[in-house]
Structures are given as C-alpha cells and as structure tokens.
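how would this look folded up:
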Amino acid sequence: MEMDIKNKILCSKDLFELADNLEQFITYANNVTNKKREYAKLYEELIMRINAFSFSMPNTPYAIFHGQMSVLIYLANYWDIQKTSKQNVEMLSQIIERIRTKMLPPKEVTLSEKTIVTLLDYVDKRFSFYDKVLKDRPLKILRLNHSHSEWNCFYTASIYLSGAIDDCVMMTYMSNDTIKICRQEFGFLHELGHKLHTQLTKKLFVPPASFSCFEDLYNDSDKSNDAVMAEHFADVFAIAALSNSPYADCIPFEVTTENANLFTLYILITIMTMDENIVHSKAELYDIIHKLKTETLTDI
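Take a look at the predicted model:
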C-alpha cells in the first residue's frame with residue numbers, strides 16, 4: 001500500500017486525480033506508527049522527482065511544464081514540509097480543498113507553448129527580461145489541463161529570508177461565462193508583471209515605490225491597497241509590453257497613446273536599473289523623454 005499510494009501521487013495525470021490520491025495518502029499515513037516520517041518520505045520523493053526532471057532540462061531563463069510534471073510542480077509549490085504530521089495533514093488538506101473548490105474541467109485550451117515562448121522572447125527583446133528579471137533562477141510556467149473558477153492564469157511565489165524567490169505562473173482557462181474573459185496573451189504578460197514587482201520589492205503583491213508616479217490614474221480606495229495597486233502595476237507592464245506590437249489587440253482596455261508611451265518608458269527604466277524607486281513622478285518621465293529627443297536631434 002505504501003509504495004502504491006506514493007507512486008499514484010507522483011504519477012497523477014491531473015489535479016483532480018492528485019486530490020483523490022492525496023486524500024488516500026492522508027488516510028494511509030494516519031494509520032501507521034510514524035506518521036511524520038511517512039509525510040517526510042513522500043515529500044523527499046516529490047522533490048527528488050522534480051529535481052531529476054529539472055536537471056535534465058536545458059539551462060534557460062524559464063521552464064514550461066505540462067501534464068504530470070505540472071501536477072508535481074503544483075503540489076510542491078503549495079506544500080512546504082511541516083514539522084508535525086498534523087501540520088502536514090492540514091497543509092495537504094488545504095491543497096485538496098483548493099483543487100476541488102477552484103479547479104474545473106477544461107473548457108478551452110490554454111495558451112500553446114509556442115505562443116508562450118514567442119511572448120517571452122518578445123518581452124525579452126523589448127526589455128531584456130531574461131538578463132535583468134529572470135537572471136537568478138528559471139521562472140516555472142505550468143500549463144495545467146484545467147479551468148479555474150475565477151482566473152485564466154495566476155502567479156505564486158515563495159520569498160526566502162535570503163531574498164531568493166521561487167515562483168511560478170500557472171496557466172489555466174477561465175470557466176465562468178458570467179465573467180469577462182480577457183485574452184490569455186494579456187493575462188500571461190500580466191503575470192510577468194507580478195514577477196517583476198515581486199523581484200523588485202521582495203514582497204508578494206506589493207508594487208514598487210516608483211509606481212506612485214501613476215497614482216493620478218487611480219482612485220483613493222485603490223491607492224490605499226497594495227494588492228490592488230500591484231494588479232494595476234501588472235496591467236501597466238502588460239500594456240507596455242504589448243503596445244505597438246503584433247499583440248496590441250490583446251490589450252482589453254482603452255489606453256491613450258501618451259499613457260502607453262509613459263508606461264513603456266517607465267517599465268524600461270525600471271527593468272534596466274532594477275530599482276524600485278528610480279522614478280518619482282510623471283514629470284521625471286517627461287524630462288527623460290525630452291532629453292532623449294534632444295540627444296537624438298543633437299546626434300543627427
């Protein structure tokens with residue numbers, strides 16, 4: 001039974017199967033003498049399986065996972081091994097509940113790997129994203145064969161005391177017809193925006209200090225909420241990445257040319273310096289634009 005249920009977990013083909021197998025494992029582990037050790041052994045095997053797969057992959061700024069491996073990465077992302085068997089039961093039970101309450105059968109196909117790679121390469125060409133933002137460790141991208149009750153993609157991260165960030169973008173497809181579905185190209189780049197501000201601030205869903213230069217675009221309620229402003233920052237990143245590009249029609253908002261240009265310059269400066277407080281106001285951005293135009297005219 002021990003090896004059978006562990007192998008079933010490690011070979012789960014989708015998240016629903018994972019939830020069922022985790023439930024069986026909890027029942028099994030609770031009936032053995034050394035419960036804590038059973039959870040530790042499963043966790044060790046999980047990490048070993050992921051590491052063995054990761055070591056066989058090319059050294060790239062990102063790694064795209066499908067099928068069984070995406071399920072294992074999902075589990076590892078939400079499960080940090082705990083000190084007691086009770087704590088592990090609680091954490092695994094939360095994962096089971098998250099899957100069963102939030103995940104749904106796929107309604108439509110998520111972004112193809114080819115499109116994801118094309119978008120990443122385009123963002124890198126525009127902003128040097130690989131060398132500046134993804135330089136420390138590969139960003140994990142999961143193409144999950146599921147829909148989500150609320151989102152069509154989302155970003156998660158673990159931030160360690162050292163400042164290291166272990167994160168991933170999870171691509172699903174929205175299933176609720178009553179919610180407006182934005183193009184997944186925009187959604188994916190929105191998640192890359194979350195990656196950028198997390199890398200800058202070393203905090204999850206906290207925008208960089210410099211983003212205050214766009215506060216006039218948002219209401220007082222938004223400005224007082226870091227999580228909401230982080231969403232606005234992610235939108236600004238996606239707009240900056242997609243404006244004046246072959247994917248410009250994926251932007252779901254009406255954006256003036258002036259704001260699109262300011263967003264692009266702001267993101268470019270922020271990434272080139274990787275400084276969360278390099279720009280303090282729109283006036284500074286206008287000054288930079290003026291200087292760039294002047295220098296260009298002088299050069300000519």
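
wait, Asn77 touches Cys168, no?
Yes. Asn77 lies in contact with Cys168 (CB atoms under 8 Å); the separation is 5.8 Å. To be clear about C-beta, it is placed using only N, CA and C from the backbone, and glycine gets the same treatment.

so for the two, which sits in the more crowded spot?
Taking neighbours as other CB atoms under 10 Å, Asn77 and Cys168 compare with Cys168 leading, 25 against 18.

how close does the residue nearest to the more buried one when sequence neighbours are not counted get to Glu284?
Once flanking residues are discounted, Cys168 sits nearest to Lys140: 3.6 Å by CB to CB, 6 or more residues apart in numbering. Between Lys140 and Glu284 the distance is 35 Å, computed by CB to CB, to the nearest Å.

now the one helix or strand the residue nearest to Cys168 maps to - C-alpha only, CSV.
Counting by DSSP states H and E, the element that carries Lys140 is strand 139-148. Only the C-alpha atoms of strand 139-148 are listed here, as CSV (Å, rounded to 0.1, in the frame of the first residue of the first chain):
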residue,chain,number,x,y,z
LEU,A,139,10.6,31.0,-13.8
LYS,A,140,8.3,28.0,-13.8
ILE,A,141,5.4,28.1,-16.1
LEU,A,142,2.7,25.4,-15.6
ARG,A,143,0.2,24.6,-18.4
LEU,A,144,-2.5,23.0,-16.3
ASN,A,145,-5.2,21.0,-18.1
HIS,A,146,-7.9,22.7,-16.1
SER,A,147,-10.1,25.7,-15.9
HIS,A,148,-10.3,27.9,-12.9
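
what lines up beside that strand in the sheet?
strand 62-66 (parallel), strand 103-104 (antiparallel), strand 165-174 (parallel) (DSSP bridges).

mind checking which of these is nearest Tyr122?
strand 62-66 (13.4 Å; CB to CB).

you'd agree the residue nearest to Cys168 is up against Ser158?
No. Using CB under 8 Å, Lys140 is not in contact with Ser158; the gap is 11.3 Å.

among the two, which residue is more densely surrounded?
Comparing Lys140 with Ser158 by other CB under 10 Å, the one with more neighbours is Lys140, at 23 against 13.

and that one, what are its bridge partners?
Judged by DSSP bridges, the bridge partners of Lys140 are Ala63, Cys168.

tell me the pLDDT of it.
pLDDT for Lys140: 95.

do a quick rundown of the helices in the protein.
Listed from the start of the chain, the chain has helices (DSSP state H) covering 2-10, 15-30, 35-55, 67-78, 85-102, 113-127, 129-132, 184-201, 220-223, 226-242, 257-273, 282-299.

got these as a markdown table, with distance to Cys153 and mean pLDDT columns?
As requested, these are exported to a markdown table (distance: least, CB to CB, whole Å; pLDDT from 0 to 100):
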| stretch | distance to Cys153 | mean pLDDT |
| --- | --- | --- |
| helix 2-10 | 25 | 86 |
| helix 15-30 | 15 | 96 |
| helix 35-55 | 21 | 93 |
| helix 67-78 | 13 | 96 |
| helix 85-102 | 13 | 97 |
| helix 113-127 | 10 | 96 |
| helix 129-132 | 17 | 97 |
| helix 184-201 | 5 | 96 |
| helix 220-223 | 22 | 94 |
| helix 226-242 | 11 | 98 |
| helix 257-273 | 19 | 95 |
| helix 282-299 | 29 | 75 |
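
CSV please, covering those and showing distance to Leu144.
Shown next, in CSV, are the helices of the chain (distance: least, CB to CB, whole Å):
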stretch, distance to Leu144
helix 2-10, 17
helix 15-30, 7
helix 35-55, 16
helix 67-78, 6
helix 85-102, 10
helix 113-127, 13
helix 129-132, 23
helix 184-201, 13
helix 220-223, 30
helix 226-242, 20
helix 257-273, 28
helix 282-299, 38
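
closest one to Ser162 among those?
Shortest distance between Ser162 and these, using CB to CB, is found for helix 184-201: 13.8 Å.

that's all I had, so thanks and see you.
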